[in-house]
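Engineer: Make a model of this:
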Amino acid sequence: VVGFNIMHSALGVTEEATARTRAVWDGIIGVYPNQGIYRYPNYDVEHPISTKEFVEYSRRFENAGANMLGGCCGFDKAYIKELAVYIEARNKQVGMVHFNSNQLAS
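Structural biologist: This next block holds a predicted model:
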């Protein structure tokens, strides 16, 4: 096993799930929370959070022990772009640059 993914999880439980996983696993942990409810045949996002809020949640997941950050259902490319900008800026602060957020499709 290389890593674990905590995915299709509600934002409100992802941080605790990440911390609990980190307590027993020192490998890679990915988090891919969702927002909304699946109502066949669509995914309804009744109370969407902003892209800035998504980045703040992602920071909390990272502080809880996540190594990979992303979003699942209900988080479109605008959210991922904002997250990529945060990661790029953070990586520059610590001297690690692995990608350029401008390379993401707009």
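
Engineer: From here on, just use CA atoms for contacts and neighbour counts.
Structural biologist: Noted.

Engineer: so where do the strands sit in this structure?
Structural biologist: 3-10, 28-34, 37-39, 42-44, 68-69 (DSSP state E).

Engineer: What average pLDDT does the first one get?
Structural biologist: Across strand 3-10, the average pLDDT comes to 92.

Engineer: and residue 17, what does it touch?
Structural biologist: residue 6 (Cα atoms under 8 Å, 6 or more residues apart in numbering).

Engineer: Tell me the pLDDT of it.
Structural biologist: Confidence score, pLDDT, at residue 17: 97.

Engineer: do the same with residue 69
Structural biologist: At residue 69, pLDDT is 95.

Engineer: didn't it look like it was pressed against residue 28?
Structural biologist: No - using Cα atoms under 8 Å, residue 69 makes no contact with residue 28, being 10.9 Å away.

Engineer: ok, those two, which is more surrounded?
Structural biologist: Taking neighbours as other Cα atoms under 10 Å, residue 69 and residue 28 compare with residue 69 leading, 20 against 15.

Engineer: thinking again about what came up before, tell me the most buried of the strands of the chain?
Structural biologist: Among the strands of the chain, ranked by average contacts under mean count of other Cα atoms under 10 Å, first place goes to strand 28-34 (a mean of 22).

Engineer: Need the contact partners of stretch 63-74.
Structural biologist: So stretch 63-74 is contacted by 7-8, 15-16, 18-19, 22, 28-36, 43-45, 58, 61-62, 79-80, 83 (Cα under 8 Å, 6+ apart).

Engineer: what's the spacing between residue 49 and residue 13?
Structural biologist: Between residue 49 and residue 13 the computed distance is 15 Å (Cα to Cα, to the nearest Å).

Engineer: Ok, residue 29 next?
Structural biologist: Counting by Cα to Cα, the gap from residue 29 to residue 13 is 15 Å.

Engineer: And for residue 53?
Structural biologist: 15 Å.

Engineer: what's the pLDDT at the residue lying closest to residue 43 once chain neighbours are set aside?
Structural biologist: Nearest residue to residue 43, sequence neighbours excluded (Cα to Cα, 6 or more residues apart in numbering): residue 37, at 5.8 Å. pLDDT, residue 37: 82.
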